[in-house]
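K.L.:
Here is a sequence with its predicted model. Questions after.
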Amino acid sequence: MKIELRNIAKKYEGRENYTLENINLTIEHNDFCIILGPSGCGKTTLLRMIAGLNSITKGDLLFDGVRVNGLTPKERDIAMVFQSYALYPHLTNYKNIAFGLKVRKERKDVIDRRVKDVSKILEVEEYLTNKPSDISGGQRQRIALGRAIARKPKLFLMDEPLSNLDAKLRESMRTELVKIHKMMNTTTIYVTHDQLEAMTMATKIIVMNNSIIQQIGTSKDLYYRPINLFIAKFIGTPTMNIYDGELEGNDFISKDKTIKVKLKNDQIKKIKNLKIKNISLGIRSEDITFVKTKTSANTKSIATIVEMLGKEQEVKFENKNCKTTMTTPSDLEIEFYKEYYLKFNPEKIHIFDTESTTRIN
């Protein structure tokens, strides 16, 4: 199913301002589309409008080219999976999976076949006679997914379905969800504040902040070509190193004069053509290396913290008020409170307009 949102807006009764406004978006058939953003950015409100659980104040919502603003959730042929599982505690897991089919008055043999097929896919066959209280959180989430899948809807909507699971379970469920999506060949819209879920699962990511869509793209688009400073800081762990400064000649100079970076000709030309005074330079932690000489370095900093992360380690450096995070192999020895010369990969530098926050190059 293809989903189109045209100038969608939401305003709650009694409120002066719109919660969402001018949302324009196209989700293609079979997309695994993730709406990503911090708490309160409007992502769940948007999902509920697509589901029909929240009314649309302005704009048009189209499913396969047909306007569905006035249709009930039942009439939209969707299935929704919630953070809280939303299972019926008095029913067996079999009956929970079968519930939607029973409401649609499917034949008993069809219901039985669907429940057994879905439970086999999700590996919950042995728990069908149990009730939700008798199984783990991960298993309950599988039952909730099974109920949605069994209906074979045209659209899956998921609202932070993995947030109640522990880290190991979330990892395994991410893999399962991607497999299920490919198997079902159904459009999926998934809401989360967890960028790891978005980066590993989505075919398309919609990043929201302050009720506005900031950027739409693939994981690589967002990571390697952030459209503004919010995306640059929000996407990626650790966050991108950002320094505020100015263009002096052909060099970026940070405000505290601790960082000097020679910019490329096309970057310099854009900055001058746009008459931008204050610029911000961004660099990912993995794009910084040690160098032996001060003359070839972009900054000299002191190593203050080393965080071991397995095969990698994050090293925090400080110079006056300037802080830099660098990612190195974990077997590289770092001496605390020793000065290091740091070099930025010139091909990996990002330049932003500090005032508008938009990307320059």
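P.N.:
On my side now, so go ahead.
K.L.:
Check whether P238 sits in a helix, strand or coil.
P.N.:
coil (DSSP: H, G, I helix; E, B strand; the rest coil).
K.L.:
should've said R170
P.N.:
Three-state call for R170 (three-state DSSP): helix.
K.L.:
burial of it, as a residue count?
P.N.:
For R170, the neighbour count with other CB atoms under 10 Å is 18. Heads up, the C-betas are built off the backbone N, CA and C, glycines and all.
K.L.:
hang on, it packs against E160?
P.N.:
No: counting by CB atoms under 8 Å, R170 does not reach E160; the two are 10.9 Å apart.
K.L.:
now the helices: where do they sit in the chain?
P.N.:
43-51, 93-103, 108-121, 137-150, 167-184, 195-201, 219-224, 229-234, 265-273 (DSSP state H).
K.L.:
Next, the angle from the second one to helix 108-121.
P.N.:
Counting by axes from the mean of the first three to the mean of the last three CA atoms, to 10 degrees, helix 93-103 lies at 130 degrees to helix 108-121.
K.L.:
Could you give the separation of helix 93-103 from the chain centroid?
P.N.:
From the chain centre to the centre of helix 93-103 is a distance of 31 Å (CA atoms, centre = their mean, to the nearest Å).
K.L.:
And the fourth one, by the same measure?
P.N.:
Its chain's C-alpha centre and that of helix 137-150 lie 22 Å apart, by CA atoms, centre = their mean.
K.L.:
so where's the stretch 51-200 of the chain uncertain?
P.N.:
Within the stretch 51-200 of the chain, no range satisfies pLDDT under 70.
K.L.:
To what extent is the residue nearest to Q267 when sequence neighbours are not counted buried, counted in neighbours?
P.N.:
Nearest non-adjacent residue to Q267, counting by CB to CB, 6 or more residues apart in numbering: N361, 4.9 Å away. Using other CB under 10 Å, the number of residues around N361 comes to 15.
K.L.:
With S211 instead?
P.N.:
Counted with other CB under 10 Å, S211 comes out at 21.
K.L.:
Once you drop chain neighbours, what's closest to it?
P.N.:
That would be G42: by CB to CB, 6+ apart, it lies 4.2 Å from S211.
K.L.:
K338: what's it in contact with?
P.N.:
By CB atoms under 8 Å, 6 or more residues apart in numbering, K338 lies in contact with 302-303.
K.L.:
Please report phi then psi for it.
P.N.:
phi -100, psi 150 (degrees, to the nearest 10).
K.L.:
Give me the local confidence score for it.
P.N.:
With respect to pLDDT, K338 scores 93.
K.L.:
now H350
P.N.:
97.
K.L.:
thinking the residue nearest to S211 is in contact with L20, fair?
P.N.:
Yes: between G42 and L20 there is a contact under CB under 8 Å: 5.0 Å.
K.L.:
Of those two, which one has the most company?
P.N.:
Per other CB under 10 Å, whichever of G42 and L20 has more neighbours is L20, with 25 against 22.
K.L.:
Would you mind listing the residues in contact with the nearest residue to the more buried one once chain neighbours are set aside?
P.N.:
Excluding the flanking residues, the one nearest L20 by CB to CB, 6+ apart is K10, at 4.4 Å. Contact partners of K10, counting by CB under 8 Å, 6+ apart, are 18-21, 42, 45-46, 49, 54-57.
K.L.:
Of the residues you listed, which belong to strands?
P.N.:
Here DSSP state E is the test, and the contacts of K10 give 20-21 as lying in strands.
K.L.:
R67: neighbour count?
P.N.:
Neighbour count for R67, taken as other CB under 10 Å: 12.
K.L.:
heads up, I number from 6, so please use that
P.N.:
Sounds good: first residue 6 from here, last item R72.
K.L.:
pretty sure it is touching R81, no?
P.N.:
No: in this structure, R72 is not within contact of R81 by CB under 8 Å, at 11.6 Å.
K.L.:
ok, now how distant is the residue nearest to Q272 from K353?
P.N.:
12 Å (CB to CB, to the nearest Å).
K.L.:
next one: V120
P.N.:
Taking CB to CB, one finds V120 at 51 Å from K353.
K.L.:
and the end-to-end length of stretch 283-303?
P.N.:
19 Å (CA to CA, to the nearest Å).
K.L.:
got the buried residues for that stretch?
P.N.:
By neighbour count with 16 or more other CB atoms under 10 Å, stretch 283-303 contains the buried residues 284-290, 292-293, 302-303.
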